[in-house]
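In: Just the structure for this:
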Amino acid sequence: MGEGEFRRLVQEAEQLELAGTSLEKSAAMARTARGLTGDPMQAAYARLVYARVLRKLGREGDALREFRTVLRAPYD
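Out: Residues are numbered from 1 along each chain as shown. Here you go, the predicted model:
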């Protein structure tokens, strides 16, 4: 899977998140997108989407761990 697949997964995950529907599916798509890329910025963005969805699912502890990982990520 390439960058196009990453982009598609993140966009669809965000659409589901913002609509408030299928949050479990949104989380799965963001998690999958995160694993598709070797780009640290893309991975951090997918992790941010994943963390937001986890929070909406009431999984505060998991969401906080993801948010902290994003904040520790190296950015160039």
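
In: which one is Val10 nearest to, not counting chain neighbours?
Out: Ala33 (4.9 Å; C-beta to C-beta, 6 or more residues apart in numbering). From N, CA and C alone the C-beta is placed, and that goes for glycine too.

In: So for the helix or strand where the one you found lies, what gets flagged as buried?
Out: According to DSSP states H and E, Ala33 maps onto helix 23-36. Within helix 23-36, the residues scored as buried using 16 or more other C-beta atoms under 10 Å are 23, 26-34, 36.

In: Next: stretch 41-56.
Out: 42-54.

In: The nearest residue to Thr69 once chain neighbours are set aside: which element?
Out: Leaving aside its sequence neighbours, Thr69 sits nearest to Arg47 (C-beta to C-beta, 6+ apart; 6.1 Å). Element membership for Arg47 (DSSP H and E) is helix 40-56.

In: Residues in contact with that helix: which ones?
Out: 6, 9-10, 13-14, 17, 20, 23, 26-27, 30-31, 33-34, 37, 60, 62-64, 66-67, 69-70, 73-76 (C-beta atoms under 8 Å, 6 or more residues apart in numbering).
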